[in-house]
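Engineer: Give me a model of this one.
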Amino acid sequence: MKLDIDFVRSQFPAFSEPSLQGQAFFENAGGSYTCGAVIDRLTRFYTQRKVQPYAAYEASRLGGEEMDEARVRMAAILGVDTDELSFGPSTTQNTYVLAQAFGQMMQAGEAIIVTNQDHEANSGPWRRLEDRGIEVREWQIDPVTGLLNPEDLEELLDENVRLVCFPHCSNVVGHINPVTEITALAHASGAFVCVDGVSYAPHGFADVGALGPDIYLFSAYKTYGPHQGLMVIRRALGELLPNQGHYFNEDTLYKRFTPAGPDHAQIAACAGMADYVDALYDHHFSKPAKPVERGVAVHDLMRSHETELLDQVLSAVQGRNSVRVLGTLDAQTRAPTVAMALNRPAEPVAAKLAKRGIMTGGGDFYAVRALEALGIDPTKEGVLRVSFTHYTSQGEIDQLLEGLDHVL
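Structural biologist: Residues are numbered from 1 along each chain as shown. From the prediction side, this is the model:
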């Protein structure tokens with residue numbers, strides 16, 4: 001089944017916005033366009049339901065129902081129980097709250113494993129636990145390829161390790177890590193697993209239940225939704241960790257790790273992401289399917305389209321002496337997030353591309369540790385990053401390749 005790109009783009013108001021015409025968007029790893037279903041729900045909530053939810057009066061009752069709908073439908077797509085999904089203000093904030101919970105549960109001398117492949121949001125909060133006497137071990141990337149080797153993880157694991165944190169894929173290296181294999185290694189050693197899915201989820205929602213990690217986090221503003229962090233915490237771990245919310249909410253799993261008051265409207269609008277998955281599925285398939293099966297089918301449609309376009313980008317840049325592509329050159333094993341180390345600072349190159357209608361960026365993208373490990377100075381050089389997703393068209397890829405040929 002081939003993705004109907006015209007139908008896809010019709011679901012995003014940005015593609016009919018006059019001010020964006022002629023602009024090819026290649027900074028999707030920083031945040032995606034928002035689909036119309038999310039915008040519609042957000043507008044409706046702010047105009048009709050912007051009251052305290054869950055009271056008896058109509059506007060309040062409907063507001064609460066829409067918030068519950070978002071949790072029910074997104075949890076079903078992710079293959080987990082409804083109360084195993086929490087919403088928070090951002091993935092960075094959600095990770096910070098989780099780190100506080102682990103810090104309370106763990107004893108001095110116990111260990112956490114992090115990587116230097118991560119965005120700092122899934123590394124920094126865990127590293128700060130060293131101040132409490134918790135040992136932090138670093139699973140390091142290969143300094144040439146940028147990849148994580150599971151065999152290196154095995155050498156770090158022992159009976160003292162309580163948690164292993166790693167990205168589903170890096171926001172600069174792009175390689176898709178084998179989550180199930182890594183999770184099995186960690187679980188066999190008695191450790192829990194936290195997966196940062198922020199850079200993977202824009203390319204299709206994962207069946208978290210099948211993948212197997214104890215924690216899976218991603219950001220809705222990168223998956224065509226509002227600015228919320230979605231956090232799956234499986235029940236066994238969620239009930240074990242100390243409550244971080246109000247004491248009288250500790251018996252409700254999804255409230256245990258959201259100490260701040262939730263953004264009611266944005267939570268409700270997250271149901272629009274489920275609307276979008278259903279719209280894509282219904283347009284491409286006629287067979288009835290459960291939500292998680294719909295999510296997997298749509299994921300595969302997205303990945304197939306992206307991989308076809310990504311192969312063109314990788315082929316166009318890999319032979320240039322002035323360009324070092326971070327990560328593997330195999331489009332099948334990576335996300336369409338292509339970071340390039342150049343023979344000059346990256347930000348001015350991104351500015352030149354902007355003049356040609358190509359929206360992209362240069363810098364460190366909060367992956368300072370990864371760039372330094374790869375021998376790239378994040379302050380003086382950085383990387384040029386072009387990132388796209390399933391709504392990117394062949395015409396936009398052509399525009400990108402022409403622009404890169406001009407500026408490189």
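Engineer: how much space is there between residue 354 and residue 406?
Structural biologist: Going from residue 354 to residue 406 by CB to CB, to the nearest Å gives 13 Å. Quick note: C-beta positions are derived from backbone N, CA and C, even for glycine.
Engineer: Then residue 162?
Structural biologist: On the measure of CB to CB, residue 162 and residue 406 end up 51 Å apart.
Engineer: What segments of the stretch 51-200 of the chain are helices?
Structural biologist: Secondary structure of the stretch 51-200 of the chain by DSSP state H, counting those that start in this stretch: the helices cover 58-78, 91-105, 124-127, 150-156, 179-188.
Engineer: Number of residues surrounding residue 91?
Structural biologist: 25 (other CB atoms under 10 Å).
Engineer: Pull the contacting residues for it.
Structural biologist: By CB atoms under 8 Å, 6 or more residues apart in numbering, the residues touching residue 91 are 121, 122, 196, 198, 217, 218, 219, 229, 230, 231.
Engineer: Now render these as JSON lines, adding pLDDT and distance to residue 36.
Structural biologist: Below are these laid out as JSON lines (pLDDT from 0 to 100; distance: CB to CB, whole Å):
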{"residue": "121", "pLDDT": "89", "distance to residue 36": "29"}
{"residue": "122", "pLDDT": "87", "distance to residue 36": "30"}
{"residue": "196", "pLDDT": "98", "distance to residue 36": "28"}
{"residue": "198", "pLDDT": "98", "distance to residue 36": "23"}
{"residue": "217", "pLDDT": "98", "distance to residue 36": "26"}
{"residue": "218", "pLDDT": "98", "distance to residue 36": "21"}
{"residue": "219", "pLDDT": "97", "distance to residue 36": "19"}
{"residue": "229", "pLDDT": "97", "distance to residue 36": "22"}
{"residue": "230", "pLDDT": "98", "distance to residue 36": "20"}
{"residue": "231", "pLDDT": "98", "distance to residue 36": "26"}
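Engineer: from these, which is closest to residue 207?
Structural biologist: Checking the contacts of residue 91 against residue 207 by CB to CB gives residue 218 as the nearest, at 13.3 Å.
Engineer: backbone phi and psi for the closest one, please?
Structural biologist: phi -160, psi 170 (degrees, to the nearest 10).
Engineer: Phi, psi for the residue nearest to the spatial centre of the chain please.
Structural biologist: Using CA atoms, centre = their mean, the residue of the chain that lies closest to the mean C-alpha position is residue 198, 1.4 Å off. Dihedral angles of residue 198 (phi, psi; degrees, to the nearest 10) stand at phi -60, psi -40.
Engineer: Show the contacting residues for it.
Structural biologist: By CB under 8 Å, 6+ apart, the neighbours of residue 198 are 91, 119, 121, 122, 167, 171, 217, 218, 219, 222.
Engineer: With residue 326 as the reference, name the closest of the helices of the stretch 51-200 of the chain.
Structural biologist: Per CB to CB, nearest to residue 326 of those: helix 150-156, 18.5 Å.
Engineer: Got the domain ranges for the protein?
Structural biologist: Under the assignment automatic domain parsing, the domains of the chain span 5-34+291-400, 41-274.
Engineer: Dump those into a markdown table; add distance to residue 285 as well.
Structural biologist: Below are the domains of the chain laid out as a markdown table (distance: least, CB to CB, whole Å):
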| stretch | distance to residue 285 |
| --- | --- |
| domain 5-34+291-400 | 6 |
| domain 41-274 | 15 |
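Engineer: Quick one: closest of those domains to residue 281.
Structural biologist: Closest approach to residue 281 among the domains of the chain (CB to CB): domain 5-34+291-400, 4.3 Å.
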